[in-house]
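Q: Coordinates only, no sequence provided:
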């Protein structure tokens, strides 16, 4: 979680960037997200709205992936069979890369199916964003339920991800449940990145970052995790920040 003082500093920094861009002249060809918003022709985007939008983009990008990685380590620590299969898969990739040389590539990322299953199951078990609130702009009826105009609706992702009508033994960490299943992020039963027009654009980047971390972590280190538990409100986090004791494999 970002504290209030840090957020204020970020806002001031973004506002300064906006002022500097305006003083130099707005670039006709956008170079970044701020340029795109500054080029908005509707004249409805004030500097405060632009800086607010940028902060909204920065905070999830800074905090969501570390939480995902931490949760993956937590669940793997509690599930030795899953951890061993993940280690075996990534050690094999490392062996191949050591032979042929070169850095990890996109194809290498795609060649780690069980790693992807672990990340997907982690997202199901403890979605970083617990839900979204939407306001009805008109009367809406859904399956016989009337949502009056002006009412707000909370879509609680956790209740969907733990629905035993959708998932067998939903409270168990079971990455194998995703084997041979085509992943759809527009499915109403799996919404770690939202959906529809508000589908998070960082889907692939966040999963890639988590995969790279897990690859290097399990191929270079062993660890012993301390006792800890997941807190789901108001945001998902570890109660004790997930203490682990780490050693390099070469030291064991």
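A: Cool, the structure landed. Bear in mind the structure is a predicted one, so any value in this text is a computation, not a measurement. Numbering: from 1, shown residues only.
Q: which residues in the stretch 151-252 of the chain form helices?
A: Using DSSP state H, counting those that start in this stretch, the helices of the stretch 151-252 of the chain run over 157-161, 203-220.
Q: rank the ones you listed by pLDDT, which is bottom?
A: With a mean of 89, helix 157-161 has the lowest mean pLDDT of these.
Q: Need the helices of the stretch 151-252 of the chain in CSV (columns: distance to residue 176).
A: In this view, the C-beta of every residue, glycine as well, is placed from N, C-alpha and C. Formatted as CSV, those follow (distance: least, Cβ to Cβ, whole Å):
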stretch, distance to residue 176
helix 157-161, 17
helix 203-220, 17
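Q: closest one to residue 108 among these?
A: Comparing those against residue 108 with Cβ to Cβ, the closest turns out to be helix 203-220 (8.3 Å).
Q: buried ones in the closest one?
A: By neighbour count on 16 or more other Cβ atoms under 10 Å, the buried set for helix 203-220 is 206-211, 213-215, 217-219.
Q: quick revisit: right, so of the helices of the stretch 151-252 of the chain, which gets closest to residue 237?
A: helix 157-161 (13.9 Å).
Q: Okay, buried residues for the closest one please.
A: Buried, per 16+ other Cβ under 10 Å, within helix 157-161: 157-158, 160-161.
Q: try stretch 194-203
A: Using 16+ other Cβ under 10 Å as the test for burial, stretch 194-203 gives 194-195, 200, 202.
Q: got the residue ranges for the strands in the stretch 151-252 of the chain?
A: 152-156, 221-225, 230-231, 237-238, 244-248 (DSSP state E, counting those that start in this stretch).
Q: next one: the stretch 1-150 of the chain
A: Counting by DSSP E, counting those that start in this stretch, the strands of the stretch 1-150 of the chain are 131-135, 140-142, 145-147.
Q: Tabulate those in JSON lines, adding columns for mean neighbour count, distance to residue 6 and mean pLDDT.
A: Below are these laid out as JSON lines (neighbours: other Cβ atoms under 10 Å; distance: least, Cβ to Cβ, whole Å; pLDDT from 0 to 100):
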{"stretch": "strand 131-135", "mean neighbour count": "12", "distance to residue 6": "24", "mean pLDDT": "85"}
{"stretch": "strand 140-142", "mean neighbour count": "10", "distance to residue 6": "38", "mean pLDDT": "93"}
{"stretch": "strand 145-147", "mean neighbour count": "11", "distance to residue 6": "36", "mean pLDDT": "95"}
